[in-house]
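S.K.: sequence and predicted structure below; questions after.
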Amino acid sequence: MSEAIAPNEETVNKAWVADWQKIEDEARKDPLAYWAERAAELEWSEPWDQVLDDSNKPFFKWFTGGKTNIVTNAVDRHLKDSRKNKLALIWESEDGKDKRTFSFFALSREVEKMANVLRAMGVVKGDRVTIYLPRIPEVVFAMLACAKIGAVHSVIFAGFSADALSSRIDDSESRVVITADGSWINGSVFPLKQIVDEAVRFSPTVENVIVVRRTGTEITMDPTRDHWYEDLTALPIARGKCPTEQLDAEDPLFILYTSGSTGRPKAILHTHGGYMVGTYTTLKYTFDIHDDDRFWCTADPGWITGHSYLVYGPLLTGATTFLYEGGPTYPYPDRWWQLVEDYGITTFYTAPTAIRALMRFGDAWVNRHDLSSLRLLGTVGEPINPEAWHWFYDVVGKGVAPVMDTWWQTETGMFQIAGVPAMPQKPGSAGRPVFGQEAEIVNDKGEVVPDGTEGLLVLKNPWPAMMRTLYNDDERYVQTYWSTYPGRYLTGDAAKRDSDGYFWIIGRTDDVIKVSGHRLGTAEVESAIASHPAVAETAAIGLPHEVKGNAIHAYVILAPHLTGSRELVEEIRLHVAQHLSPIAKPDEINFVESLPKTRSGKIMRRVLRAEALGEDVGDLSTLDD
Ligand code: PRX
């Protein structure tokens with residue numbers, strides 16, 4: 001484990017939290033007082049009675065009795081102070097030809113328009129709305145508009161297939177879907193609306209589809225169901241004021257589907273009050289957000305990172321958030337650095353996969369740009385190897401911008417293990433539990449293991465932005481997260497703690513695979529592969545990959561009388577892209593005669609993994625054959 005790097009003086013002088021040991025100590029002694037103080041920095045139309053109600057564990061409630069709305073604090077509050085005319089959102093298109101900027105005032109008007117439209121469609125508090133949009137400003141408007149009127153947004157990453165979209169729409173029983181005619185991906189159009197058409201063909205609940213014009217692609221509009229967003233906003237009904245509904249702190253804000261180790265994707269439920277306090281506090285302290293910051297989180301709003309630290313967190317702190325439509329390497333591998341330079345980005349948050357990919361193109365692409373505006377860097381989604389860390393720190397951050405590695409999950413809503421810039425940094429470690437949190441490394445009996453020993457990462461304290469349950473599945477919530485070691489939250493990750501109290505994340509211990517930081521379950525990948533007519537049975541595993549962290553390898557038993565070929569491999573890969581998502585395409589497909597199974601018929605993926613890596617396959621006593 002490498003040496004710690006001391007933070008530079010300028011960073012510490014500016015930081016909200018310089019004396020971090022003191023705050024850490026105080027928050028450890030009284031986490032609820034710590035959270036109550038942070039919540040009091042925000043606006044509530046009625047104060048809370050209780051900071052934490054833990055009378056029905058693990059169904060924790062935060063700030064009960066309190067009334068607010070995340071939009072009151074992310075938008076409305078700034079209209080009353082000097083931030084009214086400050087830029088809230090800056091956007092640039094993939095081709096660089098379109099740029100749009102919104103002050104907090106302008107953002108508020110856009111959100112009101114979208115909220116009025118939703119209201120006119122009969123969307124009321126508690127209704128779910130599916131958002132399937134590219135990285136354009138309307139995705140931010142749509143999320144905030146739902147929140148404003150108390151509707152529950154369900155954002156689906158606009159790279160998911162019709163099958164995946166359809167099952168998520170049905171599960172959430174959305175009445176409205178918000179999409180675009182298409183999205184730009186590396187200069188080509190991805191047919192979003194066509195995918196929505198396919199997805200909602202058999203959806204009984206969808207009454208209206210709102211279509212934002214983005215690519216100008218010709219699409220079919222169903223006159224009884226589909227509406228151009230620009231036509232709707234031209235109606236008088238869209239123009240008026242739309243008050244922000246004051247909600248109970250525990251009212252749901254959104255659901256977000258994520259992959260688990262078994263079965264169908266689960267919908268993580270987050271609420272207004274606690275999520276607001278948690279994302280606001282963690283962004284403010286870890287990224288040390290000040291009013292002059294321009295924060296760029298490269299994640300897609302379709303993932304939790306986009307929810308918490310592209311949309312809500314920055315706006316809650318009153319920072320300017322930057323949204324870019326495209327990816328890092330199109331048309332050239334300096335696209336991101338050009339944007340950092342053009343917009344004077346101060347704080348830049350991305351994934352190790354992107355760093356590794358860009359690193360391969362060499363330093364010259366970075367060095368041709370003036371990146372002196374950058375003062376803080378951050379990473380998320382998967383462990384960062386020290387080599388990538390140093391490249392990010394030295395070449396991008398010029399050895400002055402600290403790298404904040406942040407460990408957290410869709411479920412946790414906010415950072416759980418992450419430093420603040422005044423702490424010494426250790427390349428490859430995610431840092432320490434956030435203030436108010438405590439984490440442990442335990443063995444399979446739940447006993448805490450000595451420092452330096454690998455074990456399972458568990459969280460000890462409840463935290464405001466924690467998921468409240470799995471939507472419509474309380475039992476699975478209790479089972480998955482709280483029943484292995486009652487009283488402690490099971491993360492699903494393996495990790496180590498060092499003697500300085502820093503945590504080193506190793507990776508998932510279950511059948512969840514992180515591919516380029518994206519979370520996929522072996523079960524959903526396998527079911528996409530198995531839906532190909534040539535496939536009789538299949539198993540998918542993740543194996544280490546230099547850039548993507550992990551890559552999917554699939555083992556396929558073909559239907560009787562079929563033989564494998566290179567064409568069939570390509571066909572199955574394409575099939576997975578179309579039926580789940582291009583991010584789930586296996587890197588390799590091996591045709592096999594049989595799969596290792598237990599006597600009860602469960603596939604032993606661990607055996608496949610060990611064999612592929614040339615490692616000891618371990619205990620085979622449960623193997624069937
Ligand atoms: O395995 C951990 C990994 O990502 C998982 C959570 O995935 P998801 O819900 O998609 O959320 C990702 C973004 C918050 C975790 O269980 N992970 C996340 N951040 C890190 C990480 N692994 C190592 N280091 C991190 N900083």
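M.R.: Yep, it's here.
S.K.: roughly how far is the longest helix along the chain from the heart of the chain?
M.R.: What stands out as the longest helix in the chain, according to DSSP state H, is helix 104-120. Here helix 104-120 is found 24 Å from its chain centre; the criterion is CA atoms, centre = their mean, to the nearest Å.
S.K.: what helix or strand does Trp35 sit in?
M.R.: For Trp35, the host element (DSSP states H and E) is helix 31-39.
S.K.: quick one: mean pLDDT over that helix.
M.R.: Across helix 31-39, pLDDT averages out at 98.
S.K.: which element follows the longest helix of the chain toward the C-terminus?
M.R.: Taking DSSP H and E, what comes next after helix 104-120 is strand 128-132.
S.K.: for that following strand, packing partners?
M.R.: helix 137-149, strand 152-155, helix 162-172, strand 176-180, helix 192-200 (3 or more CB pairs under 8 Å, 6 or more residues apart in numbering; DSSP states H and E). To be clear about C-beta, it is placed using only N, CA and C from the backbone, and glycine gets the same treatment.
S.K.: does Phe591 touch Leu562 like I think?
M.R.: No. Using CB atoms under 8 Å, Phe591 is not in contact with Leu562, being 9.0 Å away.
S.K.: of those two, who's got more company?
M.R.: The neighbour count for Phe591 versus Leu562, taken as other CB atoms under 10 Å, is higher for Phe591 (18 against 14).
S.K.: compute the first-to-last residue distance for stretch 502-516.
M.R.: Length of stretch 502-516, first residue to last, CA to CA, to the nearest Å: 24 Å.
S.K.: does it come close to the ligand?
M.R.: Yes. Against the ligand, stretch 502-516 shows contacts by CB under 6 Å from any ligand atom at Ile505, Gly507, Arg508, Lys514.
S.K.: how about CSV for those residues, with pLDDT, neighbour count and secondary structure added?
M.R.: Converted to CSV, the residues of stretch 502-516 next to the ligand look like this (pLDDT from 0 to 100; neighbours: other CB atoms under 10 Å; DSSP: H, G, I helix; E, B strand; the rest coil):
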residue, pLDDT, neighbour count, secondary structure
Ile505, 97, 20, strand
Gly507, 95, 17, strand
Arg508, 95, 18, strand
Lys514, 96, 22, strand
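S.K.: quick check, nearest of those residues to the ligand?
M.R.: Among these, Ile505 lies closest to the ligand (CB to the nearest ligand atom), at 3.7 Å.
S.K.: tell me if I'm right that that closest one and Pro383 touch.
M.R.: Yes. The pair Ile505 / Pro383 is scored as a contact, 5.1 Å apart, by CB under 8 Å.
S.K.: overlap in contacts of those two?
M.R.: Listed as contacting both Ile505 and Pro383 by CB atoms under 8 Å, 6 or more residues apart in numbering are Ala430.
S.K.: please name the nearest non-neighbouring residue to the residue nearest to the spatial centre of the chain.
M.R.: For the chain, Ile304 is the residue whose C-alpha lies nearest the centre (CA atoms, centre = their mean; 2.3 Å). Of all residues not flanking Ile304 in the chain, Thr410 sits nearest, at 4.2 Å (CB to CB, 6 or more residues apart in numbering).
S.K.: secondary structure class for Ser594?
M.R.: Here Ser594 is recorded as coil under DSSP: H, G, I helix; E, B strand; the rest coil.
S.K.: can you pull the phi/psi pair for the residue sitting furthest away from the middle of the chain?
M.R.: In the chain, counting by CA atoms, centre = their mean, His561 sits farthest out from the average C-alpha position, at 43.2 Å. Phi and psi for His561, reported as degrees, to the nearest 10, are phi 70, psi 10.
S.K.: show me what contacts it?
M.R.: If a contact means CB under 8 Å, 6+ apart, then His561 has no contacts.
S.K.: roughly how far does Phe202 sit from the ligand?
M.R.: Phe202 sits 29 Å away from the ligand, going by CB to the nearest ligand atom, to the nearest Å.
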